[in-house]
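Asks: Sequence and computational prediction follow.
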Amino acid sequence: MNTNYLYLIIFAVLIGETDIEVNLSSIISSTTYVTVLLGIAATKAILIAMYYQHLRYEPRSLSVWVILGIVIASLLMSLSFVQLSFHSFHYASP
Amino acid sequence: MTEQLAATAKRWLYTTNHKDIGVLYIVTSLFFLVAAGLLAMTMRTQLSVPDNTVLTPEIFNQFVTVHGLLMIFWVLSPFAFGFANYIIPLQIGARDLAFPRLNAMSYWFYLFSGVMIIMSFFFGAAPDLGWTLYSPQTSFEFAPTIGLNLGAGGLILIVVSITMSSVNFLVTMFKMRAPGLKLSRMSLFPWSILVTIFMMLYAFPSFLAAVLLLYVDRAFGTFYFTSIQGGSLLWDNVFWFFGHPEVYIVLFPALGIVADVIPTFARRPLYGTKYVIGALVAAAVISFIVWGHHMFLTGYGILTDKLYTVTTVAVSLPFDVIVIALIETLAMAKLRLKAAALFTLGAVALFVIGGITGVYLASVALDYALRGTYFVVAHFHYIMVGGSIMGLIGGLYYWFPKITGRMYNESIARIHFVFSFVGFNVLYFPMFLLLDMPRRIATYSPDTGWGLLNTTATVGGFIFGGAQLLLFYNLYRSLRSGPPSGPNPWNGWTLEWALPSPPPAHDFDTIPTFSDDGTIHFKGTAGLPNGSSPGNGIGEPNGSSVGNGYVALHAEGLSPWPILMALSSFIFFLGLTIGKPDNPQPVSYQPFWPLIADGVILGIISLFGYSRERFTVHEDSHVESWPFRQVPNMKLGIWTFLGAEVIFFGVLMGAYFFVRTAAPTWPIPGTVFEIRNGFAMTLVLLTSSLTAIMALASARAGNRNGVIVSLAGTLALGAAFLYIKAGEWFTLGGSDVFKNYPLPATSYFITTGTHGVHVFAGMCMAVYLLANAVKGKYVNGDHVTLEHFGLYWHFVDIVWVFLFPLFYLI
Amino acid sequence: MAIANMQVQFEDLFWLFTYLAVLVGVIVFGLMAYFIVKYREKPTSREPDDAPILGRLPVPRGHARTVILTVSLSTIILGVLIIGSFGSIDTILSTPPPCNIAVAQGANSPVIYNCSVLVTGHRFYWDFNYAGYPNRTITGAPFCHDANCLFAVPQGHDIRLNVTSADVFHNFGIIAIKVKADAYPGHINNIWFNAETLGNYTIQCYELCGSGHATMTATLAVMPTTQFVSWFNSTIVH
């Protein structure tokens, strides 16, 4: 029954984090808010992956496998983000 | 007679044998090669003289687009993977691929997707805006023909095919190698395929997302690629993020073939094998950070210009290592210049020219003049035709004796090489000198002075194209009446040469083993292993053994479900893409519901049949499986698939970030999308993850009721999620949200919609599992299916965990 | 022949690349040809000791130093090319200051033209709006070569082009000047050039934009400044 309690605890943490996410906007500024939100989402994802998807107890190679995909996905996002920040959009009317 | 015909048809339509599938891929890709080649010859005719009228601009544009699409997606990779399918399991000592029925499905998806592209010619117009499909000319507004929809459908189908293959080959190559065959001991062809499938796994989901978004823009009037707030640039990024690794994907297998063939004919080992492998890996990694060089002139700023110049120039370094290694291999060699050697050496020479000119294009400064010109066309044809096709033809001559058991005619093959090589250069070298001529123009005026070079190129085109007739003639004639080749005509060392030509249906009697002292042990004498008589490869002249021997050895190897699954998907996508625009005010396309319904029904039947079929795949226990020794094949396959899904959703979220950053304003959180709904959906989905894991825990504990309740709970919660979402969609859909907030609405509907489809798919699985659980399954140590379901379901939950804050809270 | 600064810069850089490319090509092809000829199979050839045979893994072969040498030499060559490219791109992307050409005589002061042109791509023609003069647009037409779609600029001045599109993704390129810009809606790309030699130069579209892609031509006319002023007045300033 130990693992079942663990699942329930993780669940409670996830719900709690969601509650925090929703109520946080009134407390902190908007730019920090985005970072914190993404951070919370990331921790939720890691908890689900580690415990519900069992990655914590699987061979390390599997986690590496997963992280590889995440790294490549973030490449697109970060490099296009870099592009965008130097870009300037002129809404030229034809 | 008809009985034999029926047996042959049944074998080829229902096969799951990797060798058969390999042959299917090779033959089909050669068909598409001829088709795309004929398109090219017609274009060259049109362009041979100025102001020509052989093709109208509309037709020309369709030809140039379909030529590109067919060659890249339906020829180069499938041709290579035909070899990979046939040869890799033999070379690594595996019995077949990890998932044989999935392999068959990959092939049929490939075939039907190609049919869809060809069909587009007969439905108004084929796609006609280049294989690169730039926005917004591909939008409904500027290109209202159905052809592009069919093109999108065909592309989606082939991406599904490729993703299935990637998962299959990755699991196979990591988990099914012969004892002692460590990854470091694999030869270059398997290594090149391994690197290629990694690139495929991570690049194609981006393309899938791009094509999906394009289709949705066209069919439902969303604004991803049509918005002036960066729509063109978004397509450029998402397409080329895939597009650049793609051009390495179509090259690497040929490089692998070249790197195995040259040592065989030079009678010396490959020089610097580990460096060549390292170079392939390095190039594959770097290929993901160079895509901006296709966007040099989009105006993204000098810093990004310089960054991409450096990364693109850097990616040429691994290729330098590979070329030097290949040339050094010839030192102190005893080089037999058979056809395979000629073609692979020719491929190296042409690849060098292509590669050098690639460095020109890597310079952002030079690109300001060379962009969109025939210099670019020449560069990539030197690589893709000169490097890839010539290398693959070398592979064809190399493995033809193994696959068919017969030897081709060497003299005709050598003439084929000479005419191909000369014709190729006469065709493409003038294009470097046409560095002022724009690409994809249907004609040009005489005062440009481009006539002479174009005429020369066309002459070269006819020589090159005509020379391929020699190939087909030679192979066809040899197939029927060539002399027997024996098992190892080239004196090669890789494992396929240890088998008879053609190999028996079951490949090795006993899997070879690799010792640490470098020897490879086959059962029987150390040289020729199997005592068994040649099996039933395609060259088998004895018709009766097709019926008896094959089926008897592989009785469980035939399955009708792969082709039926592919057919149902084809019908479904045909229904989605064949519908005509609305009448009388066309703003989007009407789906053709009869076909969609047919596709869904056939799909459900096929899925059911597939999952209930008793198909046994033998997993040998004493094989090399680093680093996944303790990970079962199916689980590894699912995690691999989830890796692709990460990229897919990552790109969707990236597109959302992009449009949001580019947009001047965005609605304040809570004003358009109710936070309450998002919060509720998050709670529901998180709870469903809990019930899913509880189902697994109950199964492990042998608790049948627990499994049933938990699965039912998961199903109910999934339904609740979709119910809330449907309510939201209904409310928003009736409002003016698209008019007032086009980009927020677009990104919201598409991203959450795609996620919703994933939830629905999960629920379908849950229904099936629940039915089984009620019957008493999963509680007797067979809970692994529940575990696999959980992996998928939790992933879907994780995606929502990110979507919720991104779409509702910020 | 020097037509414009961008063209000269391009050609210089292109020739740098080509000299090095030919050098590398000669070495690589030379080595390859030498090996193929020298080590091809002859009746007297011996089977090498480490010839790959069935039943054995190939004997490892090769020195790290070859790889290091190759990578080092390549890096040096590529470094030279990068430096050259960076110098050129700095020039291409550094927009020069406006010029001051007195054109018509206005009410109180001469009207000044600042050498800036807004180029807009359409399906399937280009139009040129001489910046600062909202009503002063030369509208092209498909395959237009005559005086009606002549896009004139004064010789010897820094001409700044702001390139965009009214509909789809085009690319604006002046062949002889070797300068191009992507033209897509919602964005303006800035390029510039300084033309030395008088004459008419063809403009084409370099991104497939539809059935009229091949016909999206126009003509750049480089005129002496005085002639440009009278052209400007008769064509642009009414």
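Replies: Looks like it arrived, so ask away.
Asks: So which bits of the stretch 101-250 of chain B are right by chain A?
Replies: For the stretch 101-250 of chain B, the contact set with chain A under CB under 8 Å from any CB of the partner chain comprises B:Tyr202, B:Ser206, B:Ile228, B:Gln229, B:Gly230, B:Leu233, B:Asn237, B:Val238, B:Phe241. (Each C-beta comes from the backbone N, C-alpha and C, glycine too.)
Asks: what's the farthest-apart pair in those?
Replies: Greatest spatial distance in those: B:Tyr202 and B:Ile228, 30.8 Å, computed using CB to CB.
Asks: hang on, the earlier thing: compare the residues of the stretch 101-250 of chain B next to chain A and tell me which has the most neighbours.
Replies: B:Ser206 (32 neighbours; other CB atoms under 10 Å in any protein chain shown).
Asks: Who are the packing partners of the longest helix seen in chain A?
Replies: Across chain A, the longest stretch assigned as helix under DSSP state H is helix A:60-86. Applying 3 or more CB pairs under 8 Å, 6 or more residues apart in numbering or on different chains; DSSP states H and E, one finds that helix A:60-86 contacts helix B:188-220, helix B:231-249, helix B:302-329, helix B:633-662.
Asks: can you rerun that using 10 Å?
Replies: helix B:147-175, helix B:188-220, helix B:231-249, helix B:302-329, helix B:633-662 (3 or more CB pairs under 10 Å, 6 or more residues apart in numbering or on different chains; DSSP states H and E).
Asks: hmm, back to that, is it possible to get JSON lines of the residues of the stretch 101-250 of chain B next to chain A that adds distance to chain C?
Replies: Below are these laid out as JSON lines (distance: CB to the nearest CB, whole Å):
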{"residue": "B:Tyr202", "distance to chain C": "26"}
{"residue": "B:Ser206", "distance to chain C": "19"}
{"residue": "B:Ile228", "distance to chain C": "3"}
{"residue": "B:Gln229", "distance to chain C": "6"}
{"residue": "B:Gly230", "distance to chain C": "6"}
{"residue": "B:Leu233", "distance to chain C": "7"}
{"residue": "B:Asn237", "distance to chain C": "13"}
{"residue": "B:Val238", "distance to chain C": "14"}
{"residue": "B:Phe241", "distance to chain C": "17"}
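Asks: Now render the residues you listed as JSON lines, adding distance to B:Asp620 and pLDDT.
Replies: Below are those laid out as JSON lines (distance: CB to CB, whole Å; pLDDT from 0 to 100):
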{"residue": "B:Tyr202", "distance to B:Asp620": "29", "pLDDT": "95"}
{"residue": "B:Ser206", "distance to B:Asp620": "35", "pLDDT": "94"}
{"residue": "B:Ile228", "distance to B:Asp620": "58", "pLDDT": "86"}
{"residue": "B:Gln229", "distance to B:Asp620": "56", "pLDDT": "83"}
{"residue": "B:Gly230", "distance to B:Asp620": "52", "pLDDT": "85"}
{"residue": "B:Leu233", "distance to B:Asp620": "50", "pLDDT": "91"}
{"residue": "B:Asn237", "distance to B:Asp620": "44", "pLDDT": "92"}
{"residue": "B:Val238", "distance to B:Asp620": "41", "pLDDT": "92"}
{"residue": "B:Phe241", "distance to B:Asp620": "38", "pLDDT": "93"}
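Asks: Show the backbone phi and psi for the residue located most distally from the centre of chain C.
Replies: Relative to the centre of chain C, the most outlying C-alpha is that of C:Gly55, 55.8 Å out, by CA atoms, centre = their mean. Backbone torsions for C:Gly55, taken as degrees, to the nearest 10, come to phi 100, psi 0.
Asks: centroid residue for chain B?
Replies: Centre-nearest of chain B using CA atoms, centre = their mean is B:Ile162, 3.5 Å out.
Asks: could you list every residue that touches that residue?
Replies: B:73, B:77-78, B:81, B:106, B:109-110, B:113, B:197, B:200-201, B:203-204, B:207-208, B:249, B:644 (CB atoms under 10 Å, 6 or more residues apart in numbering or on different chains).
Asks: neighbours around the closest residue to B:Tyr248 other than its chain neighbours, how many?
Replies: Leaving out its chain neighbours, the residue that sits closest to B:Tyr248 by CB to CB, 6 or more residues apart in numbering or on different chains is B:Ser287, at 4.7 Å. B:Ser287 has 24 neighbouring residues, counting by other CB under 10 Å.
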